[in-house]
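In: Provided below are the primary sequence and the corresponding predicted coordinates.
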Amino acid sequence: MSEQQVEKTVTLTIDGQQVTVPEGTLVIRAAERIGVQIPRFCDHPLLEPAGACRQCLVDIPDAGNGRGFPKPQASCTIPVAEGMVVQTQATSPVADKAQQGIMEFLLVNHPLDCPVCDKGGECPLQNQAMSNGRGESRFEGVKRTFPKPINLSPMILLDRERCIVCQRCTRFAAEIPGDPFISLIERGAQQQIGIAEGSPFLSYFAGNTIQICPVGALTSEQYRFRSRPFDLISTASVAEHDACGAAIRVDHRRGKVMRRLSGEDPEVNEEWISDKDRFAFRYATARDRLVDPRVRETEAGSGRTVGEQRMASWLEAFALAARGLRAAGSVAVLSGGRVTREDAEAYAGLARDLGTADVDFRARPLSAEETEFLRDRVAGHRDLGYADLEAAPVVVLVGLEPEDEAGTIFLRLRKAARRGARVLAVAPYLSRGAAKLGAELVATVPGEEATALASLDVPDGTVVLAGERLATSPGALPAVSDLAACTGARWAWVPRRAGDRGALEAGLLPADGGRDADQIIAAVLAGEIRGLVVGGVDPDDVSDPAAFRAALEAAEFVVSLELRDTDVTRAADVVLPVAAASEKSGTFLTWEGRPRPFPQVFDRPACFSDARVLHEIRKELAALPAELPTAAPARSADPARSADIPGRSVRDTGAESGVLALATWKLMLDNGSMQEGDKHLAATARPAVARVSPATYAALDPAPDEGLVTVSGDRGSFTLPVEVVDGMVEGTVWVPANSCGTGVLAGLASPGSRVSLTGGER
């Protein structure tokens with residue numbers, strides 16, 4: 001190691017103990033290294049120093065080397081110096097008196113409502129008032145009061161009289177996600193946290209401010225007055241909503257989740273999670289949650305099911321599922337992206353037992369090119385991690401919108417960008433999330449990502465993050481690996497759902513002549529596949545929702561493993577309820593390929609994981625005789641008729657006049673069934689709009705009526721508010737996929753097709 005690479009260190013004395021730390025270390029951090037605890041409120045290791053609360057005052061006397069101070073200093077803002085002598089409240093009466101004075105000052109206006117405060121029992125102010133405060137108060141005046149609470153957003157509530165102005169929340173919002181919607185307003189005794197008029201605190205990460213607030217000033221609509229901290233049981237777990245693997249803490253009481261908090265994992269999410277990971281857990285107790293198996297009656301002598309569904313025992317459902325699948329003969333398996341790795345391995349095992357290679361986990365737009373790429377270039381590889389994102393000089397985002405699709409990746413990239421990393425976004429326009437990364441736009445029409453990547457010149461050490469949306473862009477995925485080969489860059493594939501990487505590693509991809517999800521649907525409609533096993537697939541997520549619904553009706557036998565009632569369960573012949581993430585143990589694999597095991601939180605009777613359900617079906621299959629009566633022929637599916645199914649994909653890549661390329665991705669908060677159940681969380685979702693360039697907007701005929709435009713595709717049309725975006729690539733319109741309030745993409749156009757745009761309503 002060269003002299004330039006040797007880390008400079010400083011030696012100082014704290015409470016009589018010598019400690020050597022890197023140059024630039026704050027005094028409060030140096031004290032932590034030797035186990036000396038200094039009280040604090042505003043200090044947080046992941047935020048910039050503020051020195052706002054002054055509770056961490058220490059005495060730094062002059063030791064004859066000019067390193068002393070005449071008055072106590074805030075240890076959270078003072079960097080260490082060679083030979084410095086520090087005395088904390090444990091050894092210095094001066095520091096102890098100063099800290100007691102600050103505590104007395106903070107309590108002058110703070111209400112003594114600990115018995116009804118949500119923070120009571122886990123409150124740093126409460127704890128430190130006992131450990132570092134006076135035993136009595138000299139204050140005899142009237143405490144400051146405010147009307148309470150006020151809504152900073154539909155989810156976040158503020159009790160202003162409890163606030164000690166530590167600025168943790170405002171610093172977090174500005175520094176970590178880059179959403180400075182909240183700030184300090186007023187001055188002196190009236191200083192408080194506030195928002196601009198008409199600008200609520202709408203951030204995907206706002207819930208973190210509740211957790212880091214050292215008092216009970218910030219609370220959530222979801223948890224406020226619901227429980228006491230000392231009544232809760234806490235279980236460490238992993239978030240199930242995306243492929244980031246964020247550590248969470250599930251706090252529950254009497255078999256019910258009361259709240260979810262961020263877990264601490266420096267290698268993954270540090271101490272932050274998205275609001276989706278924090279608040280979207282009520283799907284597990286929704287009214288339409290499936291509890292008991294359902295089956296259809298079997299027609300005597302034919303083997304096919306008829307009539308309405310009825311409730312059945314687990315044993316009957318397992319037996320009927322096994323007999324129906326064996327009788328169907330030709331069966332395909334669609335697993336979805338919700339499953340754990342253990343579940344995925346069970347789906348793969350069932351496919352082997354059924355003798356089928358027609359299996360896929362991709363309940364979304366896909367391509368044969370992507371199938372080959374994932375099987376050959378992604379499965380089994382683990383080349384990048386979160387630490388590499390922070391260390392990379394350049395990060396290229398292609399087919400990926402991290403703020404919406406991978407919240408933890410977004411926060412780590414924001415941290416890297418604040419340290420000087422350069423971010424390139426290969427996209428049709430610079431989104432709000434990309435702008436917060438300081439990204440440079442590589443303006444690209446959807447479908448032309450391969451050309452854009454071929455033109456990039458990036459330095460060694462570059463990291464390329466490729467999203468799953470590249471599946472529908474011809475040549476884009478090979479272009480990612482070509483860019484890496486030419487420049488020495490490293491790359492990673494980033495799926496959107498928690499179970500996707502584990503399903504890939506478990507082999508839930510078509511191989512050896514097997515069909516992918518789109519081909520499976522077409523084969524069912526053509527009568528070539530007669531049985532389906534569907535696990536956690538939402539019809540509106542697939543490439544062609546109408547064709548999928550038609551296939552469910554055309555299939556001879558359908559087995560559905562699902563959490564809630566859906567179009568799939570209503571069409572199924574056997575419906576098998578499965579456990580939510582909190583009701584089973586398992587492992588998710590992150591986008592990096594990092595295993596993220598999690599324990600079972602609740603042990604509910606007769607609540608089984610996908611893997612357990614599939615294991616029982618496989619046992620029934622093994623017990624069946626080798627030959628069973630063949631099921632009645634599948635319903636006829638005339639190829640010509642299949643092509644006319646409403647909404648069936650018709651790919652149009654022509655550049656006709658007045659026709660635009662369609663750009664889209666899913667927002668973090670959308671119509672997903674695992675987000676339903678909390679109206680306050682839903683109210684923070686971003687609205688559905690159509691985004692176009694100024695030139696495209698100016699060319700609309702007729703002109704937009706009241707700011708509305710109609711987007712028309714091969715499946716239908718939607719009228720949406722229009723938003724003009726400077727810098728957006730010409731010839732493109734962006735709409736959200738599966739957004740709150742309207743499905744948009746599922747009912748608008750097939751992936752890769754083009755759409756038309758007109759002003760006003762049609």
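Out: Perfect, I can see it now.
In: how many neighbours does D457 have?
Out: As a burial measure, D457 scores 8 neighbours (other Cβ atoms under 10 Å). Using the backbone N, CA and C atoms, a C-beta is placed for each residue, glycine as well.
In: so what's it up against?
Out: If a contact means Cβ atoms under 8 Å, 6 or more residues apart in numbering, then D457 has T487 as its contacts.
In: for it, helix, strand, or coil?
Out: coil (DSSP: H, G, I helix; E, B strand; the rest coil).
In: What of K148?
Out: At K148 the chain is in coil, as set by three-state DSSP.
In: Spatially nearest residue to it (excluding sequence neighbours)?
Out: Taking Cβ to Cβ, 6 or more residues apart in numbering as the measure, K148 lies nearest to D159, with 4.8 Å between them; neighbours along the chain are not counted.
In: I'd like the distance between the one you found and A526.
Out: Counting by Cβ to Cβ, to the nearest Å, the gap from D159 to A526 is 63 Å.
In: the more surrounded of these two?
Out: Just comparing D159 and A526: by other Cβ under 10 Å the higher neighbour count belongs to D159, 22 against 16.
In: wait, the more buried one sits on N151?
Out: No: taking contacts as Cβ atoms under 8 Å, D159 lies outside contact range of N151: 11.5 Å.
In: A312 reaches R294, doesn't it?
Out: Yes: under the criterion of Cβ under 8 Å, A312 is in contact with R294, at a separation of 6.6 Å.
In: Look at the closest residue to P45 other than its chain neighbours and give its secondary structure.
Out: Take P45 and drop its neighbours on the chain: the residue closest to it by Cβ to Cβ, 6+ apart is R29, 7.4 Å away. Following three-state DSSP, R29 is assigned to helix.
In: I figured R29 was touching D43, is that so?
Out: No: in terms of Cβ under 8 Å, R29 does not count as a neighbour of D43; the distance is 9.3 Å.
In: Please say which of these two ends up with more neighbours.
Out: The residue with more neighbours, out of R29 and D43, is D43; 25 against 18, by other Cβ under 10 Å.
In: Tell me how many other residues crowd the residue nearest to the more buried one when sequence neighbours are not counted.
Out: The shortest distance from D43 to any residue other than its chain neighbours is 4.0 Å, reached at C76 (Cβ to Cβ, 6+ apart). Neighbouring residues of C76 were enumerated by other Cβ under 10 Å; the total is 27.
In: looking at it, C76 is touching L26, isn't it?
Out: Yes: counting by Cβ under 8 Å, L26 is a contact partner of C76 at 6.1 Å.
In: shared neighbours, these two?
Out: Counting by Cβ under 8 Å, 6+ apart, the shared contacts of C76 and L26 are P49.
In: how close does F588 get to P595?
Out: In this structure, F588 and P595 are 8 Å apart, going by Cβ to Cβ.
In: who has more neighbours, those two?
Out: Between F588 and P595, F588 has the larger neighbour count (other Cβ under 10 Å), namely 26 against 15.
In: what's near enough to touch the closest residue to V165 other than its chain neighbours?
Out: Sequence neighbours aside, Q191 is the residue nearest to V165 in space, at 5.7 Å (criterion: Cβ to Cβ, 6+ apart). The contact partners of Q191, by Cβ under 8 Å, 6+ apart, come to 165, 184-185.
In: quick one: which of those residues is most hemmed in?
Out: V165 (16 neighbours).
In: Per-residue pLDDT of it, please?
Out: In the predicted model, V165 carries a pLDDT score of 93.
In: Correct me if wrong: it contacts A52.
Out: Yes: in this structure V165 lies within contact range of A52 using Cβ under 8 Å: 6.5 Å.
In: Where do the domain boundaries of this structure fall?
Out: Structural domains annotated on the chain: 3-106, 140-285, 294-364+502-643, 371-495, 659-759, as defined by automatic domain parsing.
In: Point out the one among those domains that comes closest to C123.
Out: domain 140-285 (6.3 Å; Cβ to Cβ).
In: hmm, back to that, relative to T758, how far out is the residue nearest to P45?
Out: Taking Cβ to Cβ as the measure, R29 and T758 are separated by 60 Å.
In: so who does R282 touch?
Out: R282 makes contacts with 257, 676-678, as judged by Cβ under 8 Å, 6+ apart.
In: any idea which of the residues you listed is closest to M155?
Out: Distances from those to M155 were compared by Cβ to Cβ; the smallest belongs to D678, at 8.4 Å.
In: so the closest one touches A280, yeah?
Out: Yes: taking Cβ under 8 Å as the contact criterion, D678 and A280 are neighbours in contact, 7.0 Å apart.
In: between the two, who's got more neighbours?
Out: A direct count of neighbours by other Cβ under 10 Å for D678 and A280 places A280 higher, at 23 against 19.
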